[in-house]
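Trainee: sequence plus the predicted model coming up.
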Amino acid sequence: MQDKELYQHILGLQSPWTVSEVKLDLQSQEIRVRVEHPRGTKFCCPDCRQELPCYDHGEERQWRHLDSCQFKTILVARVPRVECPTHGVKSAIVPWAEPHSRFTMLFERFAIDVLQATQTVKGAMSILRLKWDATWHIIERAVVRGKARKEPSILPKIGIDEKAFAKGQSYVSMIYDLENSTVEAIQEGHDTEAAVACFSQLSEEQIKSVQAIAMDMSSAYVKAAKQCIPLAEDKIVHDPFHVMKMANEALNKVRKQEHRRLLKEGDTRLTGSKYLWLTGVENHTESQTARFETICSLKLETGRAWSYKELLRDLWKQPDAKRAREYFDDWYKRVIHAKLEPMKKLARTLKARLANIVTFCTHGITNGVAEGINSKIMSIKRRAGGYRNIENFKKAIYFYCGGLDLYPR
C-alpha cells in the first residue's frame with residue numbers, strides 16, 4: 001500500500017479530498033500529509049449550506065493529527081472559499097476539523113480523553129506534546145462547545161455551595177445538580193448578589209422545577225434562594241453535615257475550656273483526647289475505644305457535651321418533619337438547661353434555623369455531592385498549581401465537573 005493511500009485511510013478522507021503528498025521530516029520528527037481536491041469541486045456555504053463553486057483558497061493551514069509511528073502527524077491544506085450571494089465570501093467547512101481549530105477532530109477527542117484522565121493540563125501536555133496554551137485552548141473550545149449543546153433539563157434537587165479560588169481572598173458560588181452530580185452554574189463571589197447571579201443562569205423552567213435546595217447555613221444563600229426560587233422557605237434544606245460540623249465545633253470548645261481548667265489543677269485526663277471526641281466511635285481503634293470508655297466514665301463536662309452531640313445525630317432519623325421538630329424540642333430543653341455555654345449557643349442557633357433543618361426529613365437531600373465535587377476541584381487545582389485567573393478556574397470546573405458533551409463532531 002502506498003503512503004498516500006495509507007494516509008487516505010488513516011485520516012478517513014473521502015471524495016473530494018485526497019492525499020497528494022506524504023513527507024517525513026526527521027529533523028522536526030514530523031510527518032506532513034498534504035491533502036487537495038480536484039478542480040471544479042463545489043463546496044457548501046457554512047451558514048446556509050448552499051452548494052457553490054470554489055471562489056478561491058485561503059492561505060495554507062496546518063492541523064495537528066494523531067501521531068503515527070511516534071511521529072507528530074501534521075495535515076496540510078488550503079481551505080477553499082465560496083462566494084455566497086447571501087453571506088458573502090466564506091471559508092468552506094473541512095471534514096477533518098471544526099472551524100478555527102488547529103487540530104483535527106480525532107486529535108481533539110484524544111486530547112480531551114487525556115485531559116480527563118490526567119486531570120491536569122501539565123500532565124496532558126507531556127503526553128500530547130503540546131505547549132500549555134495549545135492544551136488549554138482545547139479545554140476552552142470543549143467547554144464552549146459543551147455549553148452550547150447543553151439543553152436545559154429540569155433540576156428537582158439542587159445544591160449551592162462556595163469554593164475558594166485564592167486562599168482566603170476569592171471565592172466562587174456554584175449550583176449543583178444533586179441527581180447527576182454536575183455543576184450547573186458558577187459565579188464569582190459568595191454573597192447574596194453572587195448567589196442571585198448564579199440562580200439567574202438557570203432557565204425559567206429549571207427554576208420552576210426546583211423541589212429542594214441543599215445548602216449550609218449561609219444567610220446570603222438563604223436570602224438569594226428566597227428571592228429566586230418560588231416557595232423557597234419549604235425547599236431549603238440545611239445540610240446535616242454542616243450542622244454536625246457546628247456541633248463538633250461546640251463540643252471541642254467545651255473540651256478546650258475544661259482541659260485548660262483541669263491542667264491548672266494538674267489533671268491531664270483530657271490531654272491528647274481531641275480526636276477521640278470528634279471521631280465517630282464506630283471508627284475508633286481498639287486502644288482508642290478503651291481509652292474513650294475510661295474518659296467517659298469520669299463524668300466530665302466534655303462527656304456530657306459529646307452525648308448531646310451524639311443525640312443530635314438522631315434528629316435526621318425521624319420519619320417526618322413533625323417528629324423531627326418534636327425530637328429537637330426535647331433535645332433543646334436538655335441542652336439549654338445544661339451548664340455548657342458552647343452547646344447552648346449551638347442549640348439557639350439551630351432553633352433559629354429549625355424550619356430548614358427538619359426539611360431534610362421531607363426532601364432527604366444533602367450537599368454530599370457538592371462536597372465530593374469540591375474535593376475533585378481541589379485535587380485538580382492542587383495538581384495544576386492554581387489557575388492563572390478566575391475565568392480559567394471556572395472553565396476547568398465546567399470541563400471536569402460540568403457533565404458537558406465536550407467532543408467535536
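Mentor: Happy to help now that I have it. Numbers count the residues shown, from 1 in each chain.
Trainee: send me the lowest-mean-pLDDT helix or strand in the chain as CSV with only the CA atoms.
Mentor: Every helix and strand in the chain was compared by mean pLDDT, DSSP states H and E; the lowest is helix 368-384, with a mean of 79. The C-alpha coordinates for helix 368-384 follow below in CSV (Å, rounded to 0.1, in the frame of the first residue of the first chain):
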residue,chain,number,x,y,z
GLY,A,368,-22.7,15.5,49.8
VAL,A,369,-22.5,15.8,46.0
ALA,A,370,-21.1,19.3,46.5
GLU,A,371,-18.5,18.1,49.0
GLY,A,372,-17.4,15.4,46.6
ILE,A,373,-17.1,17.8,43.6
ASN,A,374,-15.3,20.3,45.8
SER,A,375,-12.8,17.6,46.7
LYS,A,376,-12.3,16.8,43.0
ILE,A,377,-11.9,20.5,42.1
MET,A,378,-9.4,20.9,45.0
SER,A,379,-7.4,17.9,43.7
ILE,A,380,-7.4,19.3,40.1
LYS,A,381,-6.4,22.8,41.4
ARG,A,382,-3.6,21.3,43.5
ARG,A,383,-2.2,19.3,40.6
ALA,A,384,-2.3,22.3,38.4
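Trainee: and that helix, what does it pack onto?
Mentor: helix 121-128, strand 157-166, strand 170-177, helix 390-401 (3 or more C-beta pairs under 8 Å, 6 or more residues apart in numbering; DSSP states H and E). From N, CA and C alone the C-beta is placed, and that goes for glycine too.
Trainee: format those as a markdown table; extra columns: mean pLDDT and distance to residue 196.
Mentor: Listed next are these as a markdown table, based on pLDDT from 0 to 100; distance: least, C-beta to C-beta, whole Å:
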| stretch | mean pLDDT | distance to residue 196 |
| --- | --- | --- |
| helix 121-128 | 90 | 32 |
| strand 157-166 | 88 | 11 |
| strand 170-177 | 91 | 10 |
| helix 390-401 | 90 | 17 |
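Trainee: closest to residue 50 out of these?
Mentor: helix 390-401 (34.9 Å; C-beta to C-beta).
Trainee: and the angle from that closest one to helix 368-384?
Mentor: Going by axes from the mean of the first three to the mean of the last three C-alpha atoms, to 10 degrees, helix 390-401 is angled at 120 degrees with respect to helix 368-384.
Trainee: what packs against helix 390-401?
Mentor: helix 132-149, strand 157-166, strand 170-177, strand 182-188, helix 368-384.
Trainee: and these as a markdown table, adding mean neighbour count?
Mentor: Compiled in a markdown table, the helices and strands packed on helix 390-401 are given as follows (neighbours: other C-beta atoms under 10 Å):
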| stretch | mean neighbour count |
| --- | --- |
| helix 132-149 | 17 |
| strand 157-166 | 21 |
| strand 170-177 | 22 |
| strand 182-188 | 21 |
| helix 368-384 | 16 |
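Trainee: looking at these, which is closest to residue 219?
Mentor: strand 157-166 (12.8 Å).
Trainee: ok so, going back, what sits up against the least confident helix or strand of the chain?
Mentor: For helix 368-384, contacts defined as C-beta atoms under 8 Å, 6 or more residues apart in numbering pick out 119-123, 159-161, 163, 174, 176, 178, 181, 183, 214, 239, 241, 387, 393, 396-397, 400-401.
Trainee: mind redoing it with 7 Å?
Mentor: Outside helix 368-384, the residues that touch it by C-beta atoms under 7 Å, 6 or more residues apart in numbering are 119-122, 159, 161, 163, 176, 178, 181, 183, 241, 387, 396-397, 400-401.
Trainee: same check, this time on stretch 22-31
Mentor: Under C-beta under 7 Å, 6+ apart, the answer for stretch 22-31 is 3, 4, 7, 32, 33, 68, 71, 72, 73, 74.
Trainee: nearest residue to the first one in space, please, no chain neighbours.
Mentor: Nearest residue to residue 3, sequence neighbours excluded (C-beta to C-beta, 6 or more residues apart in numbering): residue 22, at 4.1 Å.
Trainee: for the strand or helix carrying the one you found, which strands pair with it and how are they oriented?
Mentor: In the assignment (DSSP states H and E), residue 22 maps to strand 18-25. When sheet partners are counted by DSSP bridges, strand 18-25 sits next to strand 30-36 (antiparallel).
Trainee: next, the buried residues of whichever helix or strand comes after the partner strand.
Mentor: Sequence order places strand 42-44 as the next helix or strand after strand 30-36, per DSSP H and E. Across strand 42-44, burial judged by 16 or more other C-beta atoms under 10 Å covers residue 43.
Trainee: which helices and strands sit right next to the helix or strand just after strand 42-44?
Mentor: Note on strand 42-44: by DSSP H and E, the next helix or strand toward the C-terminus is strand 51-68. If you count contacts as 3 or more C-beta pairs under 7 Å, 6 or more residues apart in numbering; DSSP states H and E, strand 51-68 packs onto strand 42-44, strand 71-84, helix 105-118.
Trainee: so which of those is nearest residue 272?
Mentor: helix 105-118 (40.7 Å).
Trainee: chain center to the closest one, what's the gap?
Mentor: 19 Å (C-alpha atoms, centre = their mean, to the nearest Å).
Trainee: quick one: mean pLDDT over it.
Mentor: The average pLDDT for helix 105-118 rounds to 95.
Trainee: measure the residue lying closest to residue 54 once chain neighbours are set aside to residue 92 for me?
Mentor: Excluding the flanking residues, the one nearest residue 54 by C-beta to C-beta, 6+ apart is residue 80, at 4.6 Å. Note on residue 80: its distance to residue 92, by C-beta to C-beta, to the nearest Å, is 5 Å.
Trainee: one step back: nearest to residue 88, out of the helices and strands packed on helix 390-401?
Mentor: Using C-beta to C-beta, the nearest of those to residue 88 is helix 132-149, at 23.7 Å.
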